[in-house]
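Asker: turn this into a structure:
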Amino acid sequence: MPNERPQMAESEEINEAQDGTGVETADYRVDQQIGFFLRQANQRHVSIFTGMMGDRLTTTQWAALSKLREIQPSSQNQLGRETAMDVATIKGVIDRLVTRGFVQSEADPRDGRRLVLSLTEEGLATIDRNLAIASAVTDETLSPLTSGERMMLIELLRKIC
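Answerer: Residues are numbered from 1 along each chain as shown. Predicted structure coming up:
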């Protein structure tokens, strides 16, 4: 019959097994996938950040504080968009920063249903204390790379984001 496959050895059949996506499952290795490398790079960065950053700040708290400094006053939704955090994540981050006295929220004078976020004096002081450290964290994270590789990595990541 014309549609019959030629006879194969059992090992050849295993190598050609597919998972329904057209990808040969025998050739798929999770530790060779982009997500695996991105996760490892992020874990390395977070470890460096945690070891160097002061004031017990997390990466998401630092992102919110430093971006809020740039765009304040800001709604929580806008800050979430600017820092690539979903609604639930930015809410939790802001709640913790308000509790710590780094951020304050007030009703928007133009729309009472909307809250406007701004930094407190303590929030500004916290940013000032940690700016040089944040730069050092970036330098340490990228330390295995040459200057050209650093620029290339950032450009490539921007392209896929």
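
Asker: distance of Thr83 from Thr126?
Answerer: For Thr83, the distance to Thr126 (Cβ to Cβ, to the nearest Å) stands at 16 Å. No exception for glycine: its C-beta is placed from N, CA and C like everyone else's.

Asker: between the two, which is the more surrounded one?
Answerer: Taking neighbours as other Cβ atoms under 10 Å, Thr83 and Thr126 compare with Thr126 leading, 22 against 19.

Asker: and that one, which of the three is it?
Answerer: Three-state call for Thr126 (DSSP: H, G, I helix; E, B strand; the rest coil): helix.

Asker: report the buried residues of whatever helix or strand Met151 lives in.
Answerer: For Met151, the host element (DSSP states H and E) is helix 147-160. Under the neighbour-count criterion of 16 or more other Cβ atoms under 10 Å, helix 147-160 has Arg150 buried.

Asker: Arg113: neighbouring residues, count only.
Answerer: The local packing of Arg113 (other Cβ under 10 Å) involves 6 other residues.

Asker: list the contacts of the helix or strand encompassing it.
Answerer: Using DSSP H and E, Arg113 falls within strand 111-119. With contact meaning Cβ atoms under 8 Å, 6 or more residues apart in numbering, strand 111-119 is reached by 65, 68-69, 72-76, 79, 94, 102-108, 127.

Asker: spell out, range by range, the helices that occur in this structure.
Answerer: All helices of the chain, identified by DSSP state H, fall at 10-15, 34-52, 59-71, 76-82, 87-99, 121-141, 147-160.

Asker: point out where this protein drops to low pLDDT.
Answerer: Applying pLDDT under 70 to the chain flags the ranges 1-25.

Asker: now do 50
Answerer: Scanning the chain for pLDDT under 50 picks out 1-6, 8-16.

Asker: show me the beta-bridge partners of Ser74.
Answerer: Residues in a beta bridge with Ser74, per DSSP bridges, are Leu117.

Asker: list the contacts of it.
Answerer: Counting by Cβ under 8 Å, 6+ apart, the residues that Ser74 touches are Leu68, Glu82, Val116, Leu117, Ser118.

Asker: try it again with 7 Å
Answerer: Leu68, Val116, Leu117 (Cβ atoms under 7 Å, 6 or more residues apart in numbering).

Asker: for the last one, the count of nearby residues, please.
Answerer: Here the number of neighbours of Leu117 (other Cβ under 10 Å) works out to 23.

Asker: any idea how far Ala132 is from it?
Answerer: Taking Cβ to Cβ, one finds Leu117 at 25 Å from Ala132.
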